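Trainee: attaching a predicted model along with its sequence, questions to come.
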Amino acid sequence: MEIGLFNETNYDLEEELNIVREVLEHGIKKLQVGDVTFNVIIVDNEYIHKLNKEYRGIDRETDVISFALEDDQTFNPEDRILGDIYISIDKVKSQAEEYGHSQKRELCFLAVHGLLHLLGYDHMNKKDEEVMFKLQEDILDEMGIKR
C-alpha cells in the first residue's frame, strides 16, 4: 500500500496528515482491497474551484474531488493505482465549524469519502448512499474519530 500525502497549502499539516494516513490505511485493510496506490493532495479553495470548474463543469469550490483511474476500465488488478483525492483545507476549516466537530474529524471524513469514491462507491441514490455513509462512519468510529 502506498499513500502519497501532499500539502499544497501554507498550513503546517504534518500531524493531521499522519492521522489521515492511519485512518486511510485502516480503511484499506477493513475493505480488503489489497495493495493499492493513491494520493491525497491538500489544496485551497481557489485551486479546488479551478478543478471543479474544469473537470466537473461546476463553477464553485467544493470540499473534496476524487479522480479515479479505474473508471476507464483499463486498470491492472495486480497493480491498482486508484487515483488522486483533492481536499480543500479551507472547506475543512469552515465545515468543521459549521458541523460543530474538529478539523481533524472533517479532514479524515473527507479523505475516507474520497477513498471510497476511488474504490467505486457512490451516493447517487439512497441505497448506495446508505452503504457508503455507513462505511465512512464505521471506519472513522473504529479509529476513534468521533463527531
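Mentor: Everything's here; your move.
Trainee: can you list contacts of stretch 33-53?
Mentor: 1-9, 11, 13, 17, 20, 24, 28, 58-63, 65, 80-91, 111, 114-115, 118-119 (CB atoms under 8 Å, 6 or more residues apart in numbering). Using the backbone N, CA and C atoms, a C-beta is placed for each residue, glycine as well.
Trainee: give me the PyMOL select line for these, limited to the buried ones.
Mentor: Listed next is the PyMOL selection for buried residues among the contacts of stretch 33-53, using 16 or more other CB atoms under 10 Å:
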select buried, resi 3+5+7+13+17+20+24+28+61+62+63+65+80+82+83+84+85+86+87+88+89+90+91+111+114+115+118+119
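Trainee: where along the protein do the helices fall?
Mentor: Using DSSP state H, the helices of the chain run over 14-31, 45-56, 89-99, 103-118, 126-142.
Trainee: tabulate the ones you listed (JSON lines), appending mean pLDDT and distance to residue 69.
Mentor: Listed next are those as JSON lines, based on pLDDT from 0 to 100; distance: least, CB to CB, whole Å:
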{"stretch": "helix 14-31", "mean pLDDT": "97", "distance to residue 69": "16"}
{"stretch": "helix 45-56", "mean pLDDT": "97", "distance to residue 69": "14"}
{"stretch": "helix 89-99", "mean pLDDT": "98", "distance to residue 69": "24"}
{"stretch": "helix 103-118", "mean pLDDT": "97", "distance to residue 69": "8"}
{"stretch": "helix 126-142", "mean pLDDT": "97", "distance to residue 69": "19"}
